[in-house]
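Chemist: starting from these lines, generate the structure:
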Amino acid sequence: RRRKNRSSVPSDAIVSSGDVTRAVIEKRRGQSLFHLGPERDRSIFAGLDVRFAPLESADYVVCSGLDDDEVETPEDYRARLEVMLERRLFMVCANPDVVVERGPQLVYCAGALADLYATMGGEVLYAGKPYRPIYDMALDKAETAAGRRATLDRVLAIGDSVRTDLKGARAAGIDFLFVTSGIHAEELGGRERPDSALLQTAFAAAGGMPKAVMRELTW
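Modeler: As a prediction, the model looks like this:
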């Protein structure tokens, strides 16, 4: 019996906005940071040479979300953001999503705080979609895992967000599959039967059509 050549089998490779965030932190080694986010997100700093500091003395801020995203809104953080703005602190947004699904509920994410800070005049680096750094890192990792060059015409992005997934794929030159039963489900007419006219309007506002549309990610 012939043994399968394991080196010919492509490996899975995963890149998250957390990986991009960690890369930024490593480049700022020696600087102190303030973590804006819940304690459960502290794992993002595991294994890194990190020096935490209060907001009043930190060199920059890493935002991973709201402390209590089930009851708080970005406006609850305006006072802290004003302190950051006064000190001209640079913010790394570890998750550019504005909202995310948690069961039937939509809760605010780090992107909502970063967007508010940016509108106030603060400097923000968004570590995830739709911004280029995460696409570059993902393609590099895919090439390493597969052992060959990842050409863009062989890449498909899949997601449920017009703001991050569709916009990011278009900017990166990648085909996109839009999932309708995600965060936009209700505004598109419901999870079971999205309204095609509402879909067209949402895609037009985003600047273009996806390659394909799917109710949920199944195969």
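Chemist: which regions of this protein lie under the pLDDT threshold?
Modeler: For the chain, the stretches with pLDDT under 70 are 1-11.
Chemist: in it, which spans are helices?
Modeler: Counting by DSSP state H, one finds helices in the chain at the ranges 17-27, 78-86, 110-119, 132-146, 167-172, 196-206.
Chemist: now tabulate those helices in TSV and tack on distance to residue 178 and mean neighbour count.
Modeler: Just so you know, the C-beta spots here come from the backbone N, C-alpha and C atoms, and that holds for glycine as well. Supplementary listing: those in TSV, determined by distance: least, C-beta to C-beta, whole Å; neighbours: other C-beta atoms under 10 Å:
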stretch	distance to residue 178	mean neighbour count
helix 17-27	20	18
helix 78-86	32	15
helix 110-119	19	22
helix 132-146	17	17
helix 167-172	9	20
helix 196-206	8	14
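Chemist: so which of these is nearest residue 49?
Modeler: Among the helices of the chain, helix 17-27 comes nearest to residue 49, with 8.3 Å by C-beta to C-beta.
Chemist: quick check: closest non-adjacent residue to the spatially most central residue of the chain.
Modeler: The centroid of the chain falls nearest to residue 128 when counting by C-alpha atoms, centre = their mean (3.5 Å). Of all residues not flanking residue 128 in the chain, residue 17 sits nearest, at 3.1 Å (C-beta to C-beta, 6 or more residues apart in numbering).
Chemist: ok, the one you found - contacts?
Modeler: Contacts for residue 17 (C-beta atoms under 8 Å, 6 or more residues apart in numbering) come out as 94, 95, 96, 127, 128, 129, 134.
Chemist: give me that answer again for 7 Å
Modeler: Neighbouring residues of residue 17 by C-beta atoms under 7 Å, 6 or more residues apart in numbering: 94, 95, 96, 127, 128, 134.
Chemist: and for residue 135?
Modeler: 168, 172.
Chemist: quick check: end-to-end length of stretch 14-32?
Modeler: Stretch 14-32 stretches 28 Å from its first residue to its last (C-alpha to C-alpha, to the nearest Å).
Chemist: the contacts of residue 17 in strands, which ones?
Modeler: Assigned to strands by DSSP state E, none of the contacts of residue 17 qualify.
Chemist: among the residues you listed, which one sits closest to residue 146?
Modeler: The closest of the contacts of residue 17 to residue 146 turns out to be residue 134 (C-beta to C-beta; 18.2 Å).
Chemist: tally of neighbours for residue 173?
Modeler: Close neighbours of residue 173, defined as other C-beta atoms under 10 Å, add up to 10.
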